[in-house]
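Q: Dropping a prediction and its sequence here:
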Amino acid sequence: MRLKSISTSPQKSGRSIATLCGLGAILLWALLALFTASTETIPPFQLTAMTFAIAFSCALIKWLVTKQKLGVLFRQPLALWVLGVGGLFGYHAFYFLALKNAPPAEASLIAYLWPLLIILFSTLLPNEKFHWYHLVGGLVSLAGAGVLITKGASLDLEPEYIAGYSAAVLCAFIWSSYSVLSRKFAAVSTDVIGLFCGATAILAVVVHLLIEQTIWPQTVLPWLAVFGLGLGPVGAAFFLWDRGMKLGDIQTLGVLSYLSPLLSTVILVGMGVASLSTSLVVGCLMITLGALIGSYEALMGLFRKPR
């Protein structure tokens, strides 16, 4: 979409607000690493079940207060249920499998292909066109994310970890596909995300009981971190992301998604969990540069005179 002026029509205003919602999700995801580290020894699928249950509970309270007709909300097309539950649960399931079966740095970087895939997949949507600056910005930011995640070390993909690498690739494809295909259901209320959170919590409980040992937090801090995750990065963020993907500038949001690892690293350094290094500075600068390149059209629109 080419911005010819800074005047705001209702359609442009709605698109801008939705894009800001998507950016809000990205900012909340920057807290994911800090909160997750504070949950200590809680197993991954147990943590997934707990946090998504909190997100569902918040949605349920909202529905009860607003007297939402739950029967109507539940009556969604099967394709939307598969997309929503498959996206939320599938992403987390394959992400955990990737981290368990491959070195974390390599697995995380492969999984973080999803913003770049969003940029590419979005070109298949109606009224969306390919723009060179989105692709270039995404590639520059991906390279910066690689510097952050690997801490400047070389990326060495070993054949013995093929299962983990494959899980990371699937992880990236699942989340990017879920995000882009959400556009097909733009008319559906974002409230349905609450249902998908509930279903994801149930599936996570089942997997947890099958493969993990239950470990409950023993102090206040891990409990606060769990609730923080459920309210923010694993709660409100998914509702905001849904709005952004359905109605916002999907390609710009794809590029801006790389701000999440940047801000996450900055937060970890600020909290004393990580230390400042040359690779951190270089990675942050590359991601920032990529975000600026990817936001070229929006930035230029700010300097164009209204007609």
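A: Thanks, I have it.

Q: pLDDT weak spots in the stretch 51-200 of the chain?
A: 154-157 (pLDDT under 70).

Q: if you set the cut-off to 90 instead, what comes out?
A: Counting by pLDDT under 90, the low-confidence segments of the stretch 51-200 of the chain come to 67-74, 97-165, 168-169.

Q: residue boundaries of the helices in it?
A: If DSSP state H, counting those that start in this stretch is used as the criterion, the helices of the stretch 51-200 of the chain fall at 70-74, 78-101, 104-111, 114-122, 132-150, 162-181, 192-211.

Q: for those helices, which one sits closest to S257?
A: If you check each of these against S257 by Cβ to Cβ, helix 114-122 wins as the nearest, at 3.7 Å. For glycine as for every other residue, the C-beta is placed from the backbone atoms N, C-alpha and C.

Q: In contact with L28: list those residues for me.
A: Residues near L28 by Cβ atoms under 8 Å, 6 or more residues apart in numbering: G232, P233, A236, A237, L240.

Q: go on, F227?
A: I54.

Q: go again using 10 Å as the cut-off
A: By Cβ atoms under 10 Å, 6 or more residues apart in numbering, the contact list for F227 reads F35, M50, T51, I54, G235.

Q: how close does L148 get to L116?
A: Using Cβ to Cβ, to the nearest Å, one obtains 15 Å as the distance from L148 to L116.

Q: who has more neighbours, these two?
A: Summary of the neighbour comparison: L148 and L116, criterion other Cβ atoms under 10 Å, with L148 having more neighbours (28 against 23).

Q: nearest spatial neighbour of that one, skipping sequence neighbours?
A: Taking Cβ to Cβ, 6 or more residues apart in numbering, and ignoring the residues beside it in sequence, L148 has G283 as its nearest neighbour in space, at 3.6 Å.

Q: Next, the one you found: secondary structure please.
A: helix (DSSP: H, G, I helix; E, B strand; the rest coil).

Q: Quick check, pLDDT for it.
A: pLDDT, the model's per-residue confidence, is 82 for G283.

Q: one step back: just the buried ones from the contacts of L28, in PyMOL syntax?
A: With 16 or more other Cβ atoms under 10 Å as the criterion, this PyMOL line picks the buried residues out of those:
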select buried, resi 232+233+236+237+240
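
Q: and stretch 251-263, how far out from the chain's middle?
A: 9 Å (Cα atoms, centre = their mean, to the nearest Å).
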